[in-house]
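Asks: here's my sequence, what's the structure:
(2 chains)
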Amino acid sequence: MSGTSIVSARERALAVLGGEPDDATLRRYLHGIPGIDAVGLEQRAAGLGTRSIKTTSKRWALDRIISLIDLTTLEGADTPGKVRSLVAKAMTPDPADPTSPRVAAVCVYGDMVPFAVDALGAAHGDPDDGLVSVAAVATAFPSGRASLAIKLADTADAVAAGADEIDMVIDRGAFLAGRYGEVFDQIVQVKEACRRPDGSAASLKVILETGELNTYDNVRRASWLSILAGGDFIKTSTGKVSPAATLPVTLLMLEVVRDWHLATGQRIGVKPAGGIRSSKDAIKYLVTVAETVGEEWLRPHLFRFGASSLLNDVLLQRQKLATGHYSGADYVTID
Amino acid sequence: MTRLAVPKTYKLYIGGAFPRSESGRTYEIVAADGAFLANAAKASRKDARDAIVAARAAVAGWSGATAYNRGQVLYRIAELLEGRRAQFVAEIEEAEGVSRAVASAQVDESIDRWVWYAGWADKFAQVAGNANPVAGPYFNISVPEPTGVVAIIAPQDSSLLGLVSAIAPALVAGNSVVVVASERFPLSAISLAEVLATSDVPKGVVNVLTGSPAEIAPWLASHSDVNAIDLVGAGALDWISLEVDAADTLKRVLRPESGPDAAAPALGRITAFTETKTVWHTKSLL
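Replies: Numbering: from 1, shown residues only, chains lettered A, B, ... in the order given. Below you'll find the predicted structure:
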């Protein structure tokens, strides 16, 4: 897990912002970012969605989508058994086809991390090595309405239990009220809570919950804020709020990531989550990533899909390509 | 002053909506005398796939409705057909080139057949089901249950009667249907879809595709999410290979029939698309 060290992130933020990351400095900086051309953005996203991806490219895309999925279960009714079956699916998505790649990670609530780690066993590790990571949502997911102490304890618990990645939510209330310094400070502190005793750190995904940010301008500001504060990934949504991930919002976040990479050389990941259910939609995201930040972003450390039902649809499409006829829901597992 | 002609656009019927073919293709429908009648959508395999998705989504609701309720809904279709019989008669007259009397007879028979099948909805289970004899203090009961999604290649030489004869029995038990209409006479099928859309049949329970059965049938026969295929109108196709494809995914298959008695009304057409569920139940709490 690549984690930027806190010190360098802070120094970089100070250099970019030109001052301490308090409300006034952040406001000056974030509100100085040019506004979004909403019509242009949506048109660009729609244009990227019209590409026709067929045969060998489609085959490649489907396998790549699987290897980029954070297979997710975030229900109040989650049980250790449900998590174990999720892990089984993550390790062997299509039992009838051993050539199917594994997903990148399983994403669960913090208290389910030990069960996920236990079920993964030797398959627990870095997705670049063909293994499966464990991601945990933390910081009073999905609302983020809790004291900082609780958010930090939540994070530390999940990391101690073996989570490789932490999906935190920002305090949308504070962000919308203009208390940028508070949001910045929380991300920095959660990032600190991601550290393990051995000096390594869990990767931090910052959930913006774009469906509650109302405007594209806010999404762009929140993206910059999260990256400045040290997030390794920016993630669109919790999946609990509609609209969740949309193509324009993801395109916008990818553009921020591209600009940040041009400015600093650092690569930040993007994770659209929620509402991506069909292979067709997922392929549109792949096209958007490749066209915006480049194909090098299409790997598990830089791009993820937060999804649960998407995997089954991709498997059905894979089966269609393999057998030549359409497959049905009876031929994949029930989530 | 002469009025401008307002020609009708005949589209597909998928999931309760009337989309054009995903492929954008159409083909010309001509009258018996060769005169141009209309452009109909020429469905592609992706339209067939979409129709099956819609049909699958509709199975739970339709099969979960009570048998009595299904009978009422089916009967209402007959009522609506009756109200629009003039339109159907005119369409059949034009398309098949038959006299008004012959066309009327076909519409009458279609409506009557629909009523006949509607009546079976809450009765066929009594006939096809059974209380099995057992040697113990419990009941053993067999009941017919719908198989799921039924694909149908409608009879090709009839506008309405063949279509009705194939769709109605599959619906009775609670299956949902994807039907490929007659290639030569598809207009009545789309008009029937308009009747279905304005009746109480939930969306997706009946999906109507127009176009080439030769092109679409193999995709339906091999589709894993189709539970049964009625090849009644597939006599001119390579139906043996369709049957082979269907066998790969364990579909129930009805073979082609031809002639005026094709798809004649029969209880067997209803039970062909059912699975028998047998349950045990204690006789008392002793």
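Asks: what about the strands in chain B?
Replies: Taking DSSP state E, the strands of chain B run over residues B:26-30, B:36-41, B:130-132, B:138-146, B:149-153, B:176-180, B:206-209, B:228-230, B:252-254, B:274-282.
Asks: likewise for the stretch 101-250 of chain A?
Replies: Taking DSSP state E, counting those that start in this stretch, the strands of the stretch 101-250 of chain A run over residues A:105-109, A:133-138, A:165-169, A:203-207, A:233-235.
Asks: looking at chain A, which residue is nearest chain B?
Replies: Nearest residue of chain A to chain B (C-beta to the nearest C-beta) works out as A:Gly328 at 2.7 Å. Every C-beta, even on glycine, is put in place using the N, C-alpha and C of the backbone.
Asks: format the strands of the stretch 101-250 of chain A as a markdown table; extra columns: distance to chain B and mean neighbour count.
Replies: Supplementary listing: the strands of the stretch 101-250 of chain A in a markdown table, determined by distance: least, C-beta to the nearest C-beta, whole Å; neighbours: other C-beta atoms under 10 Å in any protein chain shown:
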| stretch | distance to chain B | mean neighbour count |
| --- | --- | --- |
| strand A:105-109 | 27 | 28 |
| strand A:133-138 | 30 | 28 |
| strand A:165-169 | 31 | 28 |
| strand A:203-207 | 31 | 27 |
| strand A:233-235 | 29 | 27 |
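Asks: just put those strands in a markdown table and tack on mean pLDDT.
Replies: Putting the strands of the stretch 101-250 of chain A into a markdown table (pLDDT from 0 to 100) gives the following:
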| stretch | mean pLDDT |
| --- | --- |
| strand A:105-109 | 97 |
| strand A:133-138 | 96 |
| strand A:165-169 | 96 |
| strand A:203-207 | 97 |
| strand A:233-235 | 97 |
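Asks: mind putting those strands in JSON lines, distance to A:Met91 included?
Replies: Below are the strands of the stretch 101-250 of chain A laid out as JSON lines (distance: least, C-beta to C-beta, whole Å):
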{"stretch": "strand A:105-109", "distance to A:Met91": "9"}
{"stretch": "strand A:133-138", "distance to A:Met91": "12"}
{"stretch": "strand A:165-169", "distance to A:Met91": "17"}
{"stretch": "strand A:203-207", "distance to A:Met91": "20"}
{"stretch": "strand A:233-235", "distance to A:Met91": "23"}
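Asks: which residues touch stretch A:20-29?
Replies: Residues outside stretch A:20-29 that contact it (C-beta atoms under 8 Å, 6 or more residues apart in numbering or on different chains) are A:13-14, A:16-19, A:178-182, A:184-185, A:224-225, A:228-229.
Asks: give the buried residues for that stretch.
Replies: In terms of neighbour count (16 or more other C-beta atoms under 10 Å in any protein chain shown), stretch A:20-29 has its buried residues at A:21, A:25-26, A:29.
Asks: could you turn it into CSV, dropping everything but the C-alphas?
Replies: Output of stretch A:20-29 as CSV, limited to C-alpha atoms (Å, rounded to 0.1, in the frame of the first residue of the first chain):
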residue,chain,number,x,y,z
GLU,A,20,-1.9,27.4,7.1
PRO,A,21,-4.9,25.3,6.1
ASP,A,22,-7.4,27.3,8.0
ASP,A,23,-10.9,28.2,6.8
ALA,A,24,-9.8,31.5,5.3
THR,A,25,-6.8,30.2,3.4
LEU,A,26,-8.7,27.2,2.1
ARG,A,27,-11.7,29.3,1.1
ARG,A,28,-9.4,31.7,-0.8
TYR,A,29,-7.8,28.8,-2.6
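Asks: and the pLDDT for residue 24?
Replies: Answering for chain A, as no chain was given. Per-residue confidence for A:Ala24 comes out at a pLDDT of 92.
Asks: hmm, I had chain B in mind actually
Replies: So B:Gly24 comes in at 95 (pLDDT).
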